[in-house]
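A.B. asks: Sequence first, then the predicted structure, then my questions.
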Amino acid sequence: MKKILLGIMVLFAIFSYAKEEFLTVGLCAAYPPFESRDTKSGEIVGFDVDLAHEIGKILNKKVVIKDAEWQALLGGLKNNHYDIILSAMSKQEAGTNNVNLSNTYYLLNDVIVVKKDNTSITSKEDLKDKVVGVQLGSGSEQVVDKLVGLKKISRYNYNPEAFLDLKHNRIDAVVVGYAYAINQKNFNNEYKIVEKIAPSELVVVMKKGKDSLTNDINKALTQLKENGTYDELVKKWLIVK
């Protein structure tokens, strides 16, 4: 019996050690240029993906990417499906009471997007009595919820559905992150940005109480900014060309 218990303990130790070799990252691969699937390779690519791998190098851990539905990300973290969320998630989206948050790694403006031929909407004040589209559960939704006088808020599971309705004049405007907006196909030919709204602070999200991991993530982010790697990733993915 003692030998059996000893064997179980050894196996548990091996499993625990192996698990610690990896940093499992949860994200929703539907938000380019931060994370999306490459149309040719099917691989998940983007700023957050590269940032996660650079963090993994510093922490000496192999990064495992797990794709999940946006609305399920925080639940997956709670149920230990991954160690961190790195998915262009803002402080407001993550909340502050039930999770640990890293330092801000990027400031992302929400913007108002309309069709290029729209001349009636030039600011958020012009959205009065208009139908505005936004992704459900996003920081942009929190921005839109604070606007007053709207005719209707159309909430979508994902931004492409909102842009499709905007394209076919079923809604008047979309509120979305700046980097996402300008990466839309044919954006310059079909749409325009009429106003930038207050920026959201994007953070890495950990389970509540994971203070050691949070400190490690913050140290890695600092190191990446100091050695120039962070700027290279911004230049690669987020700079408008």
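C.D. replies: That came through fine.
A.B. asks: from here on, contacts and neighbour counts on C-alpha atoms
C.D. replies: OK.
A.B. asks: OK, contacts around the spatially most central residue of the chain?
C.D. replies: Nearest to the mean C-alpha position of the chain, by C-alpha atoms, centre = their mean, lies residue 88 at 2.0 Å. Counting by C-alpha atoms under 8 Å, 6 or more residues apart in numbering, residue 88 makes contact with 34, 48, 202, 203.
A.B. asks: Restricted to helices, list those residues.
C.D. replies: Members of the contacts of residue 88 lying in helices (criterion: DSSP state H): residue 48.
A.B. asks: Export the contacts of residue 88 to TSV and append columns for pLDDT.
C.D. replies: Output for those, formatted as TSV (pLDDT from 0 to 100):
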residue	pLDDT
34	95
48	97
202	95
203	97
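A.B. asks: Give me the subset of the contacts of residue 88 lying in strands.
C.D. replies: Of the contacts of residue 88, the ones assigned to strands by DSSP state E are residue 202.
A.B. asks: Just the buried ones out of the contacts of residue 88, please.
C.D. replies: Buried by 16 or more other C-alpha atoms under 10 Å: 34, 48, 202, 203, out of the contacts of residue 88.
A.B. asks: hang on, the earlier thing: and the contacts of residue 88, which two are furthest apart?
C.D. replies: Using C-alpha to C-alpha, the pair of the contacts of residue 88 lying farthest apart is 34 and 203, separated by 12.6 Å.
A.B. asks: quick one on the thing from earlier: as JSON lines, the buried ones among the contacts of residue 88 with distance to residue 140 would be great.
C.D. replies: Converted to JSON lines, the buried ones among the contacts of residue 88 look like this (distance: C-alpha to C-alpha, whole Å):
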{"residue": "34", "distance to residue 140": "16"}
{"residue": "48", "distance to residue 140": "19"}
{"residue": "202", "distance to residue 140": "13"}
{"residue": "203", "distance to residue 140": "15"}
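A.B. asks: Which of those sits closest to residue 73?
C.D. replies: Among these, and counting by C-alpha to C-alpha, the member closest to residue 73 is residue 203, at 13.8 Å.
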